[in-house]
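Enquirer: sequence first, predicted model second:
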Amino acid sequence: IAVLHRQAIEVRQLVAEDPEAEAERLAEALERLRASVDRMLARPDIAIGGEHRTEKVSGYVEDRYQSGWFTGNYLPSFGNYSVTEGYLELLVPVLDRLDVNGAIRGTDYSTSGYVTTWKIGATFEPIDGLRFRATKSRDIRAPNLAELFAAGSTRTNTVLDPFNGNQSTPFAGTTTGNINLDPEKADQWGVGVVFQPLFLPGFSVSVDYYDIKIKDAIDSLTAQTIIDRFGTNLQIFESPFNFASQRARGLDFETSYRTNLGAGSLLLRGIATLYLENTIDNGLDPAVDIVGENSAGGNPEFVYRVTASYADGPLRLNLIGRGISSGTYDNSYIACSSGCPVSTATARTINTNHIDGAFYLDASIYHDFSFGSSDLTLFFAVNNLLDKDPPVVASGPAGSAYATPATNQSLFDLLGRTFRIGAKIKM
């Protein structure tokens, strides 16, 4: 029986065919264990901190712009909230190749009260160049100033009226904030692996899986949903509140390779995300997985970015390729041109449910100079080098404001090829 206590380890009784050899092996094992415990308890990396801050919005809008316009009609917003929080972060080397890390944070919002968030993780490197990692956490997202205190803006637009033969019906919409919002809560876990082979110096590749569940998500019902559920109304009020839930899963990939090339160095790097699920449930309509939707508010199935960078002294050259997979307008739409079923609010029919993907090339060049006692950098950059047009993303189903571009600006380049030239001086 071995007893581990304050400063000593003693063997009280040992039964074995070769007691002497067994005692030696046991002593070595216990010495390794004690050394690991000493490292864990004596030299953990600890960070402790806290802060208090106040966030405030104070707006001004001229009277003539507050009403009477087709869209906008903004009212000035006013409001503030304070946040007090403290945190503790800990990194503990448990074994030679196993580290455990954890963190806890307490946050008190003047608007919604106290919340606790935490994270625990571990990294394990069984052999040189191969590392596994895992994390689990509880996270929050507090409502921002606009979600809390937006005084309101109004617009006019149209919706399909299901109670009037799906005719396009105009309405006036008012969007405001909600002071009673609570923070969103998310439970997340993820695992990953990093490979940096010794036989190929400068190369690294990693794959990570993530799974995130959000409850009490902040969202608002669209004007079309309000009409579908609650009937015709020429005046619609939209305000965010905590009512939705969401689950997102996916795979993140990253690889890089650095090597000498000529008199300089070459870096090749690629990052990509494959979205496996992004299901949103508003509690009214059937839950919908928006992965593969390339329309506004959607989630492409696959996005990637590859970079080639070359540096030689003061000269740096970059070439970037970025891409988005093709997708749909809405995964619940039914694509048909004849013999279509009855179009409903949750299963609309459409003649085509396809939106093209896109690939863009960007390039830039940087050069450093000495400028007296300062450092000067000149740069020239071109985005969308091939001047690729954005895919057409039609608005609907009831139409849109005349100023709305017929594409998804959050995914696709709207302006085509653009140039930037500039200088940076470091004193």
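Expert: That came in fine, so what should we check first?
Enquirer: give me the helix or strand of the protein that scores worst on average pLDDT.
Expert: Least confident helix or strand of the chain, by mean pLDDT, DSSP states H and E, is strand 2-4 with a mean of 36.
Enquirer: list the helices and strands whichever strand or helix holds Tyr209 packs on?
Expert: In this assignment (DSSP states H and E), Tyr209 forms part of strand 203-219. Strand 203-219 is packed against strand 184-195, strand 241-261, with contacts defined by 3 or more Cβ pairs under 8 Å, 6 or more residues apart in numbering; DSSP states H and E. C-betas here are computed from N, CA, C, even on glycine.
Enquirer: can those go into a markdown table with extra columns for mean pLDDT?
Expert: Formatted as a markdown table, the helices and strands packed on strand 203-219 follow (pLDDT from 0 to 100):
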| stretch | mean pLDDT |
| --- | --- |
| strand 184-195 | 96 |
| strand 241-261 | 95 |
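Enquirer: turn the ones you listed into a markdown table, columns for distance to Val83 and mean neighbour count.
Expert: What follows is these, written out as a markdown table (distance: least, Cβ to Cβ, whole Å; neighbours: other Cβ atoms under 10 Å):
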| stretch | distance to Val83 | mean neighbour count |
| --- | --- | --- |
| strand 184-195 | 16 | 17 |
| strand 241-261 | 18 | 16 |
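Enquirer: would TSV of those with distance to Asn353 be doable?
Expert: As requested, the helices and strands packed on strand 203-219 are exported to TSV (distance: least, Cβ to Cβ, whole Å):
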stretch	distance to Asn353
strand 184-195	30
strand 241-261	22
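Enquirer: Asp219 is nearest to which of those strands?
Expert: Taking Cβ to Cβ, strand 241-261 is the member of the helices and strands packed on strand 203-219 nearest to Asp219, at 4.3 Å.
Enquirer: which positions within the next helix-or-strand element following the closest one qualify as buried?
Expert: Toward the C-terminus, strand 241-261 is succeeded by strand 264-281 as the next helix or strand (DSSP H and E). Using 16 or more other Cβ atoms under 10 Å as the test for burial, strand 264-281 gives 266-271, 273-275, 278, 280-281.
Enquirer: same thing with stretch 173-181?
Expert: By neighbour count with 16+ other Cβ under 10 Å, stretch 173-181 contains the buried residues 173, 175-178, 181.
Enquirer: and which of the buried residues of strand 264-281 is nearest to Ala217?
Expert: Among the buried residues of strand 264-281, Ile280 lies closest to Ala217 (Cβ to Cβ), at 8.0 Å.
Enquirer: can you tell me the closest non-neighbouring residue to the closest one?
Expert: Closest residue to Ile280 apart from its sequence neighbours, by Cβ to Cβ, 6 or more residues apart in numbering: Gln246 at 5.1 Å.
Enquirer: wouldn't that neighbour be in contact with Asp281 here?
Expert: Yes - between Gln246 and Asp281 there is a contact under Cβ atoms under 8 Å: 7.2 Å.
Enquirer: how about the strands in the stretch 101-250 of the chain?
Expert: Listed in chain order, the strands of the stretch 101-250 of the chain (DSSP state E, counting those that start in this stretch) span 113-127, 130-141, 153-161, 167-175, 184-195, 203-219, 235-238, 241-261.
Enquirer: returning to that earlier point: among the helices and strands packed on strand 203-219, which is nearest Phe149?
Expert: Set against Phe149 and scored by Cβ to Cβ, these come closest in strand 241-261, at 14.5 Å.
Enquirer: and that closest one, what does it pack against?
Expert: Applying 3+ Cβ pairs under 8 Å, 6+ apart, one finds that strand 241-261 makes contact with strand 203-219, strand 264-281.
Enquirer: quick one: strands adjacent to that strand?
Expert: Partners of strand 241-261 in the sheet, by DSSP bridges, are strand 203-219 (antiparallel), strand 264-281 (antiparallel).
Enquirer: who's in contact with the last one?
Expert: In this case it means strand 264-281. Outside strand 264-281, the residues within contact range by Cβ atoms under 8 Å, 6 or more residues apart in numbering are 217, 244-260, 287-291, 299-313, 315.
Enquirer: flag the shaky bits of the chain, pLDDT-wise.
Expert: For the chain, the stretches with pLDDT under 70 are 1-44, 70-71, 231-233, 396-403.
Enquirer: now stretch 365-383: how far from the chain's centre is it?
Expert: Put simply, stretch 365-383 sits 32 Å off its chain's centre (Cα atoms, centre = their mean, to the nearest Å).
Enquirer: contacts for that stretch?
Expert: By Cβ under 8 Å, 6+ apart, the residues outside stretch 365-383 that reach it are 314-318, 360, 362-364, 413, 417-427.
Enquirer: in ChimeraX, how would I select the buried members of these?
Expert: The following ChimeraX line selects those of the contacts of stretch 365-383 that are buried, judged by 16+ other Cβ under 10 Å:
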select :316,317,318,360,362,364,413
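Enquirer: now, the contacts of stretch 365-383 that are in strands?
Expert: 315-318, 360, 362-364, 418-426 (DSSP state E).
Enquirer: so Gly49 touches Ala103, yeah?
Expert: No - using Cβ under 8 Å, Gly49 makes no contact with Ala103, being 10.9 Å away.
Enquirer: now the common contact residues for those two.
Expert: Tyr87.
Enquirer: okay, the two: which has more neighbours?
Expert: Ala103 (16 against 10; other Cβ atoms under 10 Å).
Enquirer: now do that one against Tyr87, distance only.
Expert: To Tyr87, Ala103 is 6 Å away according to Cβ to Cβ, to the nearest Å.
Enquirer: how about residues contacting the helix or strand Val83 falls within?
Expert: Val83 is part of strand 78-95 when elements are defined by DSSP H and E. With contacts defined as Cβ under 8 Å, 6+ apart, strand 78-95 is touched by 36, 39-40, 43-59, 99-111, 142, 145, 148-149, 151, 177, 179.
Enquirer: any buried residues in stretch 124-138, and which?
Expert: 124, 131, 133-135, 137-138.
Enquirer: one more: stretch 74-91?
Expert: Under the neighbour-count criterion of 16+ other Cβ under 10 Å, stretch 74-91 has 74-75, 77, 79, 81, 85, 87 buried.
Enquirer: now it, how far from the centre of its chain.
Expert: Computed by Cα atoms, centre = their mean, the chain-centroid distance of stretch 74-91 equals 20 Å.
Enquirer: same question, stretch 97-108
Expert: 20 Å.
Enquirer: start at 34 instead
Expert: Understood, numbering begins at 34; the last thing we discussed is stretch 130-141.
Enquirer: contacts only, for Ser186.
Expert: Going by Cβ under 8 Å, 6+ apart, Ser186 touches 105-108, 207-208.
Enquirer: spatially nearest residue to it, not counting backbone neighbours?
Expert: Nearest residue to Ser186, sequence neighbours excluded (Cβ to Cβ, 6+ apart): Tyr107, at 4.8 Å.
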